[in-house]
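Peer 1: sharing a sequence plus its predicted fold:
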Amino acid sequence: MNSMDSTQVKVSRNGQVSIPAAVRHRWGTSTVLIIDRGDYAIVRPIPDDPIEVLRGAYAAPGPAADAARAADRAAETASDDRRQDQAG
């Protein structure tokens with residue numbers, strides 16, 4: 001099954017839907033998120049252990065404090081300049 005396959009399933013009287021076994025196994029999770037988009041729904045897998053999934057994902061050090069402050073100052077200056085240009 002590739003990522004563009006679709007499967008039609010029935011909704012039970014209790015409002016339950018069975019996710020096909022092949023999809024559950026590929027996702028490797030027992031929990032899903034249902035996103036209601038009005039006229040359709042999106043079903044997204046949620047990892048059973050979201051912390052473990054993120055472990056190491058952000059292991060690299062962030063910017064140095066001086067560099068972060070300089071970037072914030074530059075962004076604030078640019079924002080102030082835009083406001084002054086719009087004010088005329």
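Peer 2: Sure, I can see it.
Peer 1: pretty sure residue 18 contacts residue 11?
Peer 2: No - counting by C-beta atoms under 8 Å, residue 18 stays clear of residue 11, with 9.7 Å between them. Every C-beta, even on glycine, is put in place using the N, C-alpha and C of the backbone.
Peer 1: is it fair to say residue 42 lies in a strand?
Peer 2: Yes - with DSSP: H, G, I helix; E, B strand; the rest coil as the criterion, residue 42 is part of a strand.
Peer 1: show me what contacts it?
Peer 2: Contacts for residue 42 (C-beta atoms under 8 Å, 6 or more residues apart in numbering) come out as 34-35.
Peer 1: dig out what it forms beta bridges with.
Peer 2: residue 35 (DSSP bridges).
Peer 1: what pLDDT does it get?
Peer 2: Looking at residue 42, its pLDDT is 92.
Peer 1: what of the one 5 residues further on?
Peer 2: In this model, residue 47 is scored at 88, pLDDT.
Peer 1: center of the chain - which residue?
Peer 2: Computing the C-alpha centroid of the chain and ranking residues by C-alpha atoms, centre = their mean puts residue 44 first, at 9.6 Å.
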